[in-house]
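*Asks:* Got a predicted model here, sequence first, then my questions.
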Amino acid sequence: VDDMATAAEGDTCWICMDDGADANGFKLMRGCGCRGNSGWVHPTCTANFADVKCTELGESHSLAGRSTIELNALMNSHYRCYNCKKSFHGPLGFALAEAFVLFSDDAGAPQGSPLWALSRMQLSVSLVQKVSQDCPLPIPEDEPSREHLVRAKDILEDMMEILGIEMEITAKDELRITALTKLAKCYFLLGDRYNQVLTLQIAREMASRPHFLGRG
């Protein structure tokens, strides 16, 4: 689906069923795998809808007892279209990623909790996606989209500082490894070869622990 596609006459928001701009002035957007006249939505409507779905998963922000399926469901409320199940992308994906961070903060999710970490992870991924695919590598200093990449790097570095590296084996390890992998990509795009290699090495060492290899 074209990120810059515009709604045609007769298209309506599948949540509020209105065809005009919402109360905040946002026009209909689409950024998923829906086709035809389906999938059009106001970013505010889909953010509110995602907030409700996320809240339905429970109030606990603890890692204890949370399975990978539950953690994915926590993120998917703001990450995947409820109808086609495809991940959001483009302007709508970025809007949902920022909404997820706001939801996490408003819910009072402690730093280092699954909700807090997943919301930051999603925002960093969305920021990297905003970088032009036509840019030479590493991304030049004067490239406007470089600021999105730097912001993503800063978010992930803050995540790693809060989640920590040397901590007891928990579900946090899977979040750390994913964050480290995303951070390594940022370093690569920014031309920081040293930190890219170092970050990937840490991620591989964590992934080689018995907890991941044999679950024992």
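*Replies:* Yep, that arrived.

*Asks:* check contacts around Cys13.
*Replies:* Asp19, Asp22, Leu28, Trp40, Val41, His42, Cys45 (CB atoms under 8 Å, 6 or more residues apart in numbering). No exception for glycine: its C-beta is placed from N, CA and C like everyone else's.

*Asks:* Please repeat the previous calculation with a cut-off of 7 Å.
*Replies:* Leu28, Trp40, Val41, His42, Cys45 (CB atoms under 7 Å, 6 or more residues apart in numbering).

*Asks:* Confirm it sits in a helix?
*Replies:* No. Looking at Cys13 with DSSP: H, G, I helix; E, B strand; the rest coil, it is coil, so not inside a helix.

*Asks:* quick one, phi psi at it?
*Replies:* For Cys13, the backbone dihedrals (degrees, to the nearest 10) come out as phi -70, psi 130.

*Asks:* can you check Pro110 too?
*Replies:* Backbone torsions for Pro110, taken as degrees, to the nearest 10, come to phi -60, psi 150.

*Asks:* count of neighbours near it?
*Replies:* Pro110 has 11 neighbouring residues, counting by other CB atoms under 10 Å.

*Asks:* Hmm, it is touching Ala117, no?
*Replies:* No. If you go by CB atoms under 7 Å, Pro110 and Ala117 don't touch, sitting 10.2 Å apart.

*Asks:* Kindly provide the distance from the nearest residue to Gln122 once chain neighbours are set aside to Leu156.
*Replies:* Leaving aside its chain neighbours, Gln122 sits nearest to Ala97 (4.7 Å; criterion: CB to CB, 6 or more residues apart in numbering). Separation of Ala97 from Leu156 (CB to CB, to the nearest Å) stands at 14 Å.

*Asks:* hang on, the earlier thing: look up how far Gly191 lies from the residue nearest to Gln122.
*Replies:* Separation of Ala97 from Gly191 (CB to CB): 25 Å.

*Asks:* So these two - more neighbours on which side?
*Replies:* Legend: neighbour count by other CB under 10 Å for Ala97 and Gly191, higher for Ala97 (22 against 12).
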